[in-house]
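Asker: fold the following and give me the result.
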Amino acid sequence: MATSAATSQRTELAKHCSSKDWSKAIRILDSLVSQNASIQDIWNRAFCYSQLELHKHVIKDCDRALQLDDSLLQAYIFKGRALSALGRKADALLVWEQGYEQAQHHSSDLRQLLEIEELLTTAKQGNENVSHEAHGSITLQSESDSLSNGNLIENKNQDNLGAEDESCTNNGDKSVILMKTADKFDSESELNGDDRESNKFDGQVSGSPDVIDKLSYNSESCNDSSDASESCEKVFTNIGESSESVNVAEILTKSSNKFAFTHEKHEGRKNKKFCVARVPKTKSISVDFRLSRGIAEVNEGNYGHAISIFDQILNEDPAYPEALIGRGTAYAFKRELDSAIADFTKAIQFNPSAGEAWKRRGQARAALGEFVEAIEDLTKALEFESNSADILHERGIVNFKFKEFNAAVEDLSACVQLDCDNKSAYTYLGLALSSIGEYKKAEEAHLKALQLDRHFLEAWAHLTQFYQELSKPAKAQECLSQVVQIDGRFARAYHLRGLLFHAMGEHRKAIKDLTMGLTIDGANIECLYLRASCYHAVGQYKEAIKDYDAALDLELDSMDKFVLQCLAFYQEYWCKRLHPKNVCEKVYRQPPLRESLRKGKLKKQELALTKQKITLIQAADSIGKKIQYDCPGFLPNRRQHRMAGFAAIEIAQKVSKAWRSLKAELKGSNKSNSRYGKRARRRERLNMPSQNRGGAGCSTSTAVETSSSYGIVDDRSSSRSISWQEVYTLAVRWRQISEPCDPVVWVNKLSEEFNSGFGSHTPMILGQAKVVRYFPNYERTLDISKTVIKERTYVYSKTDQIIHLLKDGKLEEVIHAKSCSDLYNIVGEDFWSATWCNSTAFEGKQLEGTRITLLKMGEHGFDFSIRTPCTPARWEDYDAEMAMAWETLCKAYCGENYGSTDFDALENVRDAILRMTYYWYNFMPLSRGSAAVGLVVMLGLLLAANMEFTGSLPQGLQVDWEAILNLDPDSFVDSVKSWLYPSLKVNTSWKDYPDVASTFSTTGSVVAALSSSDD
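Answerer: Prediction:
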């Protein structure tokens, strides 16, 4: 039966070739090749493609034939001709030379030897009039036919495909074919060899002359020697974007995410003969010719005209897969993706073996964000061409977009094995490898892309972001300098450098680059919002308002951009992680600046240096840089360092005054009446302003906070004690002013969100991505989670229901779990378990620490994170604990060792400071910034006790995680003291520093002092 079917197919093939119906011939050959990839069928298909001038297909099939038999002369001849037609003369010459060498050693066909010799002679003479007619004979054979000495044997029972070629000669730049059409198609068809072929579709078509290979993310023009600045629009994919929305316009128009055609330059095609099938008297123009013309129209961007051509073909034959694929592609370029998908689907229905239709439908579905369906279609396309580097590339990028990073790495690795010159595949491979934590391999992949093309702007942009995320700012800046040298109008480079400078606290430098970016792309809301926040931070409020307003007025095309608009409108919603729609429903845009303010000159925040200010700035810079984490993902930020130094000095000054007052009170009164007793501690404290900064857009601002002085605890506090919260509020306020667009607020001020348990969320794994900052804590967190589960014997579901694990040996399995995947499979659903903190204030009590949460994300991913919900009950527990820790510290210092400079005598004071720090980090009472604030207060309290930290934080250590992952304060103290105490030295020189609150008495002076760090 199989032999009979094959014979029938070959009979049909012979008929189609005799009538020069090359499209249908190719369709049959596709089927034969998929069944048994014989060299004869591959070569026959190459010949059919040559008749349709689909040169890249000719090259592909010739390469495939030569892999099976490298002495096949006709393959060298046709491959060289195809390369020459594409303008790649040097490559063509090289191929013919290889063929000639093979002919001398292996060929017994003198005619082919003479033919290739003639081609070589003509090419070397620079004669551009190379004939594109098929001189060689090619035969259709059954599977039983054989090859002899590398030459194809003629089968007398089959038609010679090359014998009846008819051509139209072209005596000028254009081939003008005048035909009167019975179907009123066109009276004149003007075909320019240069223009048509320079935009010829590329790719493997299953039975389709419509070779639209790059209907997707990869642009062939980004993978060949064509000028990237001409043929590639630029795109940059952000690794750090988390829930990414799909921008169809971006996917269709940008180089890494688009449906694209090749833009290869061509030389000397003036005298090229355009081969056309014989036109029957009953039909004025062949279907193949119209199909080729439709393809050419798509290549030239005439999508409407192309669709009309395909419509006429489909009116005659609605079941013509090639025309459906062509029309679908034209629709895709017009962004009519639903229509495109409908055409590709019909093509598949009429010809399920049309791999091209599967591929293009997958690409169109990817553009719509239908990633699951897209991957299914591209996987099906690979069944027809398993070693297609192009399809692997396509699927790899879709997998990356779908955040299936492991699958993306697999596909893209396979792609570059097959196509080692695919620079786009290498740069996306770098992005995917970086996402799964393979940083060395990721860097190598990015560098390989640049090795292939030093002018590949997107690769430079991706490498820039890679270095920034790994906290290598110098290398990131080197990359951006290269980009600007290559293309000074590449707006993305200025945006990236603005982001880098902003992250390093150099806001004025960021403003310059962002301004340059906006002169190139004025509608870039990311640049606009970031520049507004930079203006805001350095005190140029008029310019900030202008940019915020401009961001609000932009027409947006994606949810991500809408979120930025919402942030510009009402930042507290960002802090609360509410959906942007709530902004529209619950808040109103603020009125513009009053006319009086518009006319008046807003004073620029400039720092008038005095001796006192210089002294404080130098001291702040020295002290503040000690908060820098030496870990991937934490860029050094000079502005934040200065902020930390100022805050630590002010805390030391304020706390020292409070301790001095307390010491005096202790001397003059009975300890039992001390205001630091438990009863006094629980009384209502003196009226204290809200801990959140005021200002426009903050619902927690109060009238008290609108005064010009930024100090929370004024000099009158020296006559009374201050609470632990007032101490930390000093650091909070500095942190708020240093970066006004960061939502650093006390969680208990978030109205109803506090009652429902708003809290922090810090992921180590997100989907398949390893979060660069926090993944180093993964193994330890997993071990702590197992310890907690073993101790508790249960976990909580995401609806807070208890899941018992004592049955079926699950507890034992938990102990042996090697990964969060193992842990999830044991429990069988989303869950969380909470660490505990042993209380100091209440003997035997355990406070809820951090919730270690494991949620399933997609088919292969997880959200493995720590979460800290702050509910009123939890807040009350930790408030009491922090109050006790603060009281213990005050008593330790204000006792007999008050004012001591004996390091050993201050041991209890040091331990008390660390215990207080431990509870702060487990408390996590801020919406964000708790880690920095905790470290700043710790340094300030040590300084108040005459101890200065002179070292640096150990490499890889994050103090907040050290506290979170210890279940007892003593174990945290023991852990930290091993590196902290040796770096402490007794120092009282800080007492000579000018008073911070009076030296920088206004918010304006604080902003100016912080902003001078990047002057």
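
Asker: so how far is Gln102 from Ala85?
Answerer: Between Ala85 and Gln102 the distance is 22 Å, computed by C-beta to C-beta, to the nearest Å. C-beta coordinates here come from the backbone N, C-alpha and C atoms, glycine included.

Asker: can you point out the buried residues in stretch 410-420?
Answerer: Taking 16 or more other C-beta atoms under 10 Å as the basis for neighbour counts, the residues of stretch 410-420 that come out buried are 410-416, 419.

Asker: ditto for stretch 772-782
Answerer: Of the residues in stretch 772-782, those with enough neighbours to count as buried (16+ other C-beta under 10 Å) are 772-778, 781-782.

Asker: now those residues as TSV including distance to Gln958 and secondary structure?
Answerer: Supplementary listing: the buried residues of stretch 772-782 in TSV, determined by distance: C-beta to C-beta, whole Å; DSSP: H, G, I helix; E, B strand; the rest coil:
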residue	distance to Gln958	secondary structure
Val772	13	coil
Arg773	8	coil
Tyr774	8	coil
Phe775	12	helix
Pro776	8	helix
Asn777	7	helix
Tyr778	13	helix
Thr781	12	helix
Leu782	16	helix
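
Asker: switch those residues over to a markdown table; also include pLDDT.
Answerer: What follows is those, written out as a markdown table (pLDDT from 0 to 100):
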| residue | pLDDT |
| --- | --- |
| Val772 | 96 |
| Arg773 | 96 |
| Tyr774 | 96 |
| Phe775 | 97 |
| Pro776 | 96 |
| Asn777 | 96 |
| Tyr778 | 97 |
| Thr781 | 97 |
| Leu782 | 97 |
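
Asker: and the closest residue to Leu392 other than its chain neighbours, what element?
Answerer: The shortest distance from Leu392 to any residue other than its chain neighbours is 4.0 Å, reached at Cys415 (C-beta to C-beta, 6 or more residues apart in numbering). Take DSSP states H and E as the rule and Cys415 turns out to sit in helix 405-418.

Asker: what is the burial count for the closest residue to Lys991 other than its chain neighbours?
Answerer: With C-beta to C-beta, 6+ apart as the criterion, Lys991 has its nearest non-adjacent residue at 7.6 Å, and that residue is Ser656. Other residues within reach of Ser656 by the criterion other C-beta atoms under 10 Å amount to 20.

Asker: distance of Ser656 from Asn908?
Answerer: Between Ser656 and Asn908 the distance, using C-beta to C-beta, works out to 18 Å.

Asker: next secondary structure after the helix or strand harbouring Ala912?
Answerer: Using DSSP H and E, Ala912 sits within helix 907-923. Next along the chain after helix 907-923, taking DSSP H and E as the criterion, comes helix 930-944.

Asker: I'd like the average pLDDT over the helix or strand just after that next one.
Answerer: Past helix 930-944, further along toward the C-terminus, the next helix or strand under DSSP H and E is strand 947-949. Here strand 947-949 scores 96 as its mean pLDDT.

Asker: what pairs with strand 947-949, parallel or antiparallel?
Answerer: Strand 947-949 has the following strand partners under DSSP bridges: strand 984-986 (antiparallel).

Asker: thinking again about what came up before, now the helix holding Cys415: mean pLDDT?
Answerer: 96.
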